[in-house]
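Chemist: Fold the stuff below for me.
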Amino acid sequence: MNEQNDKNSGKRTFPLAIVLGSGIIFVGILVIAALVVTRKSEVTTSSSPTPSVALSETPSPTPLVAETPTPLPTASVLVPETPSPNPTASPSPETPSPNATVSPSSTATPSSLSVSQSVERLKQTGVCPACDLQGADLKGVSLYGADLKNANLAGANLAGATFDRNTILTGANLSGANLSAAQIGGANFDGVNLSKANLSKAKFSQAPSLIRANLKGADLSGSNIESSDFSEADLSGVNLKDARLGSELKLTKAILDDADLSLVIWQSLTNEMVDGASFKKANLTSSNLGNMKDFKNVNLTGAIMPDGTVHP
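Modeler: Numbers count the residues shown, from 1 in each chain. So this is what the prediction gives:
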């Protein structure tokens with residue numbers, strides 16, 4: 001009976017050992033698996049710095065990209081400079097001002113116009129008072145009825161230009177202007193500055209008025225002065241050589257000192273035409289003005305008479 005019990009107990013012990021062994025083996029497997037997993041995670045984390053370094057090196061191009069935007073600020077600086085012409089262009093009502101010049105004839109400040117704008121205004125409207133036309137090229141221009149009151153035409157080229165009795169030139173400056181072969185028909189040049197102007201071969205007709213005009217040193221050689229009023233005008237040093245003077249010309253109280261009147265032909269010269277005029281040291285050589293020496297109230301002191309003698 002005891003043997004039987006021993007056998008039975010032996011049988012029970014053997015499966016238990018197997019179970020315990022299996023458990024130990026299973027635990028061992030779990031431990032090994034845990035170690036393997038831990039090892040893999042360490043390998044993964046240890047390799048992650050490498051990509052992180054790679055990523056940190058990859059961003060380095062990003063600074064390079066940041067260096068590329070730096071031109072963008074430069075472009076943004078250029079952009080305000082592009083609009084700045086617009087502020088300049090906004091006051092550039094000076095560009096439209098030629099247009100404003102065309103329509104409003106009563107511009108408050110015509111002197112603010114450039115010479116080219118003044119020329120354009122004059123050609124389109126015929127109205128340019130106090131305009132700056134200094135040195136302007138107005139060759140052959142028609143100034144019939146033009147308003148050039150107080151305009152500056154110094155040195156302007158008006159060769160062959162035409163004037164009529166409605167041309168307004170009061171207070172204008174034509175010093176040194178070229179008026180050669182100009183047609184001056186009845187225009188009013190009273191008080192105008194024509195000093196050193198070129199009026200050679202100009203034609204004065206329809207009684208233009210040049211009362212108290214300044215013609216010092218002007219060139220009137222070869223001109224045809226059919227009728228004009230030069231009363232009290234300053235013609236000192238003027239060149240009237242070979243001029244043709246009409247019977248309606250007046251030089252009352254005019255100053256012709258040192259003037260060249262050689263070869264001048266004057267129709268129907270009378271004392272009244274030159275009453276009070278001064279011809280001191282004037283050259284009257286070969287002119288038909290010899291009878292002036294008999295006129296009263298004419299100053300011929302030092303003048304060279306038509307016969308070559310010098311008047312006392």
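
Chemist: going forward, measure contacts and count neighbours with C-alpha atoms only.
Modeler: Noted.

Chemist: Model confidence for K196, exactly?
Modeler: pLDDT recorded at K196 is 97.

Chemist: typo on my end, P85
Modeler: P85 is assigned a predicted lDDT (pLDDT) of 42.

Chemist: same question, L78
Modeler: pLDDT, read off for L78, is 34.

Chemist: swap in S97?
Modeler: 42.

Chemist: Please report phi then psi for L113.
Modeler: As for L113, its main-chain torsions (degrees, to the nearest 10) stand at phi -70, psi 150.

Chemist: how about the strands of the stretch 201-312 of the chain, start to end?
Modeler: 203-205, 224-225, 244-245, 265-266 (DSSP state E, counting those that start in this stretch).

Chemist: Report how many residues lie close to F295.
Modeler: The local packing of F295 (other Cα atoms under 10 Å) involves 16 other residues.

Chemist: give me the low-pLDDT residue ranges for the stretch 1-150 of the chain?
Modeler: 1-23, 27, 31, 33-111 (pLDDT under 70).

Chemist: 50 - rerun?
Modeler: 43-108 (pLDDT under 50).

Chemist: Assess the claim that T170 and F189 are in contact.
Modeler: Yes. Using Cα atoms under 8 Å, T170 makes contact with F189 at a distance of 6.4 Å.

Chemist: In this structure S278 contacts L300, no?
Modeler: Yes. S278 is within contact range of L300, at 6.5 Å (criterion: Cα under 8 Å).

Chemist: These two: which is more packed in?
Modeler: Taking other Cα under 10 Å, S278 and L300 do not tie; S278 has more neighbours (25 against 22).

Chemist: beta partners of N188?
Modeler: Here N188 sits in beta bridges with I168, S209, as judged by DSSP bridges.

Chemist: is it true that it touches L210?
Modeler: Yes. N188 lies in contact with L210 (Cα under 8 Å); the separation is 6.6 Å.

Chemist: So these two - more neighbours on which side?
Modeler: Between N188 and L210, counted using other Cα under 10 Å, the more crowded position is L210 (26 against 22).
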